[in-house]
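Enquirer: curious how this folds, go ahead:
(5 chains)
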Amino acid sequence: MIPIDDSPIVRDGKSLILAQDHGLEHGPVDFTDVPEKLDPSKTFETATHPAVTAIAVQKGIAEGYYPSYDDDVNLLLKLNGTSNLWMGEPNSAVNCSVEYAAEIGADAVGFTVYGGSNHEVEMCEEFRTIQENARAHGLPVAMWSYPRGQGLKNDTKPSTIAYATRLGLELGADLTKVKYPGSTEAMAHAVKCAGDMKVVMSGGSKITDHEFCSLVEAAIDAGAQGLAVGRNVWQREDPTELLDALEQIVFEDATADTALNP
Amino acid sequence: MIPIDDSPIVRDGKSLILAQDHGLEHGPVDFTDVPEKLDPSKTFETATHPAVTAIAVQKGIAEGYYPSYDDDVNLLLKLNGTSNLWMGEPNSAVNCSVEYAAEIGADAVGFTVYGGSNHEVEMCEEFRTIQENARAHGLPVAMWSYPRGQGLKNDTKPSTIAYATRLGLELGADLTKVKYPGSTEAMAHAVKCAGDMKVVMSGGSKITDHEFCSLVEAAIDAGAQGLAVGRNVWQREDPTELLDALEQIVFEDATADTALNP
Amino acid sequence: MIPIDDSPIVRDGKSLILAQDHGLEHGPVDFTDVPEKLDPSKTFETATHPAVTAIAVQKGIAEGYYPSYDDDVNLLLKLNGTSNLWMGEPNSAVNCSVEYAAEIGADAVGFTVYGGSNHEVEMCEEFRTIQENARAHGLPVAMWSYPRGQGLKNDTKPSTIAYATRLGLELGADLTKVKYPGSTEAMAHAVKCAGDMKVVMSGGSKITDHEFCSLVEAAIDAGAQGLAVGRNVWQREDPTELLDALEQIVFEDATADTALNP
Amino acid sequence: MIPIDDSPIVRDGKSLILAQDHGLEHGPVDFTDVPEKLDPSKTFETATHPAVTAIAVQKGIAEGYYPSYDDDVNLLLKLNGTSNLWMGEPNSAVNCSVEYAAEIGADAVGFTVYGGSNHEVEMCEEFRTIQENARAHGLPVAMWSYPRGQGLKNDTKPSTIAYATRLGLELGADLTKVKYPGSTEAMAHAVKCAGDMKVVMSGGSKITDHEFCSLVEAAIDAGAQGLAVGRNVWQREDPTELLDALEQIVFEDATADTALNP
Amino acid sequence: MIPIDDSPIVRDGKSLILAQDHGLEHGPVDFTDVPEKLDPSKTFETATHPAVTAIAVQKGIAEGYYPSYDDDVNLLLKLNGTSNLWMGEPNSAVNCSVEYAAEIGADAVGFTVYGGSNHEVEMCEEFRTIQENARAHGLPVAMWSYPRGQGLKNDTKPSTIAYATRLGLELGADLTKVKYPGSTEAMAHAVKCAGDMKVVMSGGSKITDHEFCSLVEAAIDAGAQGLAVGRNVWQREDPTELLDALEQIVFEDATADTALNP
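Expert: Below you'll find the model as predicted:
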């Protein structure tokens, strides 16, 4: 972990990352209700909203669409990822090198580690290479820290999420994305386990505006330094209103109620 | 994905790729009815037809025969492939490096990814290296995206083909070859899932001229940017007439009926 | 093994290493009674005590906190480690390269080898690379020599600990950390098996001041060249008094009684 | 495949390769009746016969004995091979690099591929590296194409041998060695499957002079470009007469009868 | 195999190698009756006896103790080895690179190959790298050729030892160490299988002076070019007398009786 407050993916110490790698991780089924969003341009457009500090996509999308948006959007290139066509013990292919990410113009890189998987050792060693190369290129490193695998029954219980943020800190991430552990107290503990490293909450599947904003409010209250959101934003036809609200909650410490009813 | 309309393997935004790697993938049995085609020169001759924008072969064939045709044929070197003597979970050996493909004079490279196989992670990581090296050599990258393996019962159902084209886009292919998913609607959806990346239909086993041309017409109608065809061309004694028709369907938007009865 | 008496991590031929990689190896649960110690600064502060010749932490903690303490603390960067979320045959991910450790300013590197594990061969080969790179960078190498795995019922019996120190010597460590084998005689034998290489006792889980100091006294009596201690120091709210006592036992040959009742 | 008619291992378009790697592949038992042949000098002497265009041996034999024969014998260094002490799914260790083969003075390199083995993918990828390095050193590449493994009951049936020669062509060998498929027709088909690549018949275990010469006559009639022979030559006390006959059959299109009764 | 008669580890065409890697391979238990020998200096002292042409130890012992003896002892650095804490199919970790061995001042390198093990392919490929790097550094290569593993019931039967020496020759060793196959005839056959490569007998566990000298006499009579001895020398309190005898047997063709009763 090194300080990244000066990075373009951070604003006032916080980050709001708009993620769209669902086409790889889940397949086109996630786009069923919003087929127009299969066009990545739409999500890049959404990422120009001032609330968004970075877009997180895979290599192919980045090299195809980022050139048209590099003035208005910051790129967090997600370096690994895998389809769900494959059903084995959790693992993730490294689809992009740090060198190529830098060439495309990435402002930061992202990497999933499935702590607890039988592939944990292998993934941590891949993370080592990625992290050290990112240091050499001056790129912040975000870890998607998702404990998962044979031995783990419940992947959002407080002790698991606390371990997840600590893994990010110990292994050298600058920002770690974890699922919400169910309560403000548990989230606060997870943030504390991360020391000076930033923790952002992972958005998850789509819920109502109020439910989602309340969750984000709770995470920010707990000390989280932001949010990485995907489906809760781009599965909405026009996410502008929600992003307006999220901007207030994440960067202005507004409550969900105030933010949604200004 | 990067724009490849200026590549020699594309003509007016479309591609017609003549593939002959069946000697590796299926063995000589595919040549039973046309034993003279065991001589790769015959297929290179066929590839001089103006409809064909590239020939796709393996390294050994390319280094042996391409030097005599490099003025008249564009080479898409297929970099991986495996015999069917071996029956394990789908995988494919990387038989040629990008560096050597460039040395031979390839205009593009091709690579199979079996999404859903237990070897998916390994194949995607091999694809990463190939794709990034191809960028460094200025060579377009075609993915043979063929979901297949333990967990997949039906490899041509619409959702699988849609996932297949999306994998090509997300992982950084410039053109993705998929099987026909059974209907124009399904093909149109698969094309939409590919964003700005080109999708070409895979030809499959030999059927009648009219059946095949109708299939191609449907794919082009659905928005596919072309065709990769093997057996339906070279298993015909003289494929000239069929190639004449395909040229009209792919590049001139002709119907199968018009193209076959000019 | 090469002489390391001139290294900053050694003082008068002895070492007292304060280790805190428990956040990775065991998770936040080890901090339950001292949650304030989740902040690594606290342990770096503790490491400024003159008794401590080096702090042992993982990469992420080192790059985040060591820059503020590099004048007052010597860094032994632990290069591998794994969470206990994963339950397979003992193994440990290599989380940091020697090159990067040197860049961060490490004074020495540490590496775990689980002799007896099904991963022993792999870990020893990783150790080879680490050890030889460390030689090239002039960094002493400490081995955490912890025989463990399918075939080992009791990992602290005298013959196992004697084998453990010998492994350190044979494989090229400069200092080897082992568990206490239960008696002064057994420890003396283990030290003898190490030839001229330094052996330090591993601290283990928290016990009373007197119990712990007596154990350290026994190890020093047996010829051990020091101590690597974690929980017995940082799980105490204020470990100053204990460190004062340990300093006398380790460096001044005091007894536990004298050291604790000066 | 590239043209190798100018290579020293080819004479008038044909090759007669004398192979002696049996000490590795089968062990000393193959020498039981001719113990004096355990001395590799004896086989190098035999290889000075004008019929022999190259000797095929492993690295250790080459570096020990070839320096005394490099004026009179051409060296085809066999780069992989394995003992039969080991009984697993067919595989073969890469015992020599192309770089070192070139340093020793090899005129060509040889490599076994067990198509159909569970190690086929791995062996083909090793072959890729070997083949491309050989191109860089200007060395022809011979493939020992021996389909074998779990799924293959009969390794000399016509379709298997036809597939075997095609594998050589597709993967980039310049000459492929296969077993005799039982009939002139089957051999002719296998040769046709190889396109312009050379095919040589593998000699197999020892039979009578007339039987062996008739087999070679049949293979040459079928279009094979020569022979790789081991035991049928060096297991004879004085193979001169047989080599005289083979020279006529292979290079002069003599019949077995004429060649053996001049 | 290349000629190594000019190497410092050879004297008059013969070698007597004093080996002490038992601390790694068997653990401290081998030192139970001679605990003072746990100090490697003692064995280096023994190695200054004029009968000894080289000492064979692992990296850690070499770097710690060889600097004090490099004027009087030749170093054969054993590059792989494994503890017996681990019980799997025979394998051995590569604990030292050739480059580092050369840096330490090694006069030769040693490497174990377990022919017949499921790890045979992997070990042979490791041997390839070692052997070729050793050539580049001008260092002779000794193979510990010990067929062993699932498929091998008896590892000292004549055919196995004959295969073992042949493996050394074929794979490129300059000297191969094998167990005694039970009779002078069997040893003579094994030596013959090795061609011009040197064969040395492995000493094995401790027996009486006369028994051991008789065994060595038999091996030398059989044509072996020397001996690699460990426990039969260093497990004796003062091995001088035995070394005096061995010197006569190995280098002067004395009988055991004459050598022991001068």
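Enquirer: show me what contacts A:Val233?
Expert: A:18, A:46, A:203, A:239, A:242-243 (Cβ atoms under 8 Å, 6 or more residues apart in numbering or on different chains). Where C-beta positions appear, they are placed from N, C-alpha and C, glycine not excepted.
Enquirer: helix/strand/coil for it?
Expert: State at A:Val233, reduced to three classes by DSSP: H, G, I helix; E, B strand; the rest coil: helix.
Enquirer: again, but for A:Asn154
Expert: At A:Asn154, secondary structure determined by three-state DSSP is coil.
Enquirer: what do you get for A:Gly110?
Expert: Classified using three-state DSSP, A:Gly110 is strand.
Enquirer: got the contact list for it?
Expert: With contacts defined as Cβ under 8 Å, 6+ apart, the neighbours of A:Gly110 are A:56, A:76-79, A:141-144, A:177.
Enquirer: circling back to that earlier point, and the least confident of the contacts of A:Val233?
Expert: Scanning these for pLDDT, the low point is A:Gly203. It has 91.
Enquirer: do I have it right that that residue meets A:Asn232?
Expert: Yes - using Cβ atoms under 8 Å, A:Gly203 is in contact with A:Asn232, at 4.7 Å.
Enquirer: what touches both of those two?
Expert: Shared contacts of A:Gly203 and A:Asn232, counting by Cβ under 8 Å, 6+ apart, come down to A:Phe212.
Enquirer: A:Gly81 versus A:Ser41, what's the distance?
Expert: 20 Å (Cβ to Cβ, to the nearest Å).
Enquirer: who has more neighbours out of these two?
Expert: Higher neighbour count among A:Ser41 and A:Gly81: A:Gly81, with 25 against 16, using other Cβ atoms under 10 Å in any protein chain shown.
Enquirer: in the sheet, who's paired with the more buried one?
Expert: Counting by DSSP bridges, A:Gly81 forms beta bridges with A:Ala93.
Enquirer: pretty sure A:Ala108 sits against A:Pro140.
Expert: Yes - counting by Cβ under 8 Å, A:Pro140 is a contact partner of A:Ala108 at 4.2 Å.
Enquirer: find residues that contact each of these two.
Expert: A:4, A:7, A:9, A:175.
Enquirer: tell me the most packed of these, by neighbour count.
Expert: Of the shared contacts of A:Ala108 and A:Pro140, with other Cβ under 10 Å as the count, A:Leu175 tops at 28 neighbours.
Enquirer: give the contact list for A:Gly13.
Expert: A:Gly13 neighbours (Cβ under 8 Å, 6+ apart): A:5, A:198, A:225.
Enquirer: same check, this time on A:Pro262
Expert: Residues near A:Pro262 by Cβ under 8 Å, 6+ apart: A:244, A:248.
Enquirer: switch the cut-off to 6 Å
Expert: Residues near A:Pro262 by Cβ atoms under 6 Å, 6 or more residues apart in numbering or on different chains: none.
Enquirer: how about A:Leu18, secondary structure?
Expert: State at A:Leu18, reduced to three classes by three-state DSSP: strand.
Enquirer: may I have the residues that are in contact with it?
Expert: Contacts of A:Leu18 (Cβ under 6 Å, 6+ apart): A:47, A:52, A:55, A:233.
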